[in-house]
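Undergrad: What would the 3D arrangement of this be:
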Amino acid sequence: MAHLGTEGTGDLNDLVRHIMYPAVVNTLFGKGICPTSQSEIKEFEEHFQKYDEDFEYASQIPECFLRNWSKSKKWLLKLFEKVVSDAERTNPSETASKVAFWTLVFILSYPSIYKKIMEDLASVFGKAGRDKIEVSEEDLKKLPFIKWCILEAIRLRSPGAITKKVVNPIRIQNFTVPAGDMLMLSPYWLHRNPKYFPDPEMFKPSPLHLVGTQQPMAPFRVHYKCRE
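TA: Take a look at the predicted model:
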């Protein structure tokens with residue numbers, strides 16, 4: 001908070017991140033992990049913001065297509081290496097191949113979506129006929145509809161259930177779940193809740209994040225000052 005000064009202006013999303021990151025890191029990983037100097041905090045925010053914004057997309061395709069995201073991931077892993085030493089050993093290839101398969105299945109099943117994808121590809125890479133196409137991170141940024149298709153495929157083909165063992169008793173509304181019981185979360189049913197996903201069984205590419213921090217659709221400028 002001290003870095004913000006007594007008064008100023010800024011984007012609300014940036015201000016929330018600036019305050020949130022140190023608190024979250026200290027809570028999850030213990031004090032002493034998050035940088036403390038202003039320059040180090042700024043560097044941390046830049047890397048975490050890049051990692052968070054592109055996580056869903058980048059975690060499902062080879063990192064060679066998103067070098068800046070991969071760079072930020074490695075920077076963060078180095079910072080957290082004491083508490084996530086095995087993170088880099090995770091092999092997402094099987095999951096990535098399944099997501100790619102279902103994304104293609106859905107795209108090919110909806111002629112209007114397939115037409116939109118082909119038009120976008122042609123606008124970036126030109127018409128078909130080239131044997132090899134070099135794909136850069138900047139090219140992918142020009143193809144947001146493909147990203148939305150990947151995220152929608154993840155929504156519709158999420159794991160059936162995630163199960164965790166209760167370590168300490170936990171109260172949920174009027175019920176107390178005792179230690180030792182198993183709690184089960186079903187992304188499959190959550191992603192089919194009509195309250196949040198109208199026509200939940202339909203393939204409708206959406207720009208909303210399913211994982212990570214929801215991004216505002218536009219900047220939101222605010223003025224702040226210390227209370228008197």
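Undergrad: Cys226 - how many residues pack around it?
TA: Number of residues near Cys226 (other CB atoms under 10 Å) recorded here: 9. The way it works is simple: take the backbone N, C-alpha and C, and place the C-beta from them, glycine included.
Undergrad: meant to ask about Cys64, not that
TA: 9.
Undergrad: three-state assignment of it?
TA: What DSSP: H, G, I helix; E, B strand; the rest coil gives for Cys64 is helix.
Undergrad: and the residue lying closest to it once chain neighbours are set aside, how far is that from Phe55?
TA: Closest residue to Cys64 apart from its sequence neighbours, by CB to CB, 6 or more residues apart in numbering: Ser70 at 7.7 Å. Distance, Ser70 to Phe55, using CB to CB, to the nearest Å: 12 Å.
Undergrad: same deal with Phe44?
TA: From Phe44 to Phe55 the distance is 16 Å (CB to CB).
Undergrad: And for Val177?
TA: In terms of CB to CB, Val177 sits 29 Å off from Phe55.
Undergrad: Over to Met20?
TA: 16 Å.
Undergrad: The two - which one has more neighbours?
TA: The neighbour comparison of Met20 against Phe55 (other CB under 10 Å) goes to Phe55, with 17 against 13.
Undergrad: Let's verify the residue nearest to Tyr110 when sequence neighbours are not counted: helix, strand, or coil?
TA: Nearest non-adjacent residue to Tyr110, counting by CB to CB, 6+ apart: Phe203, 5.9 Å away. For Phe203, the assignment made with three-state DSSP gives coil.
Undergrad: Show me what counts as buried in stretch 98-110.
TA: If you call a residue buried by 16 or more other CB atoms under 10 Å, then stretch 98-110 has these buried ones: Val99, Trp102, Thr103, Phe106, Ile107, Tyr110.
Undergrad: got a list of contacts for it?
TA: 60-61, 113-114, 117, 149-150, 152-154, 156-157, 203 (CB atoms under 8 Å, 6 or more residues apart in numbering).
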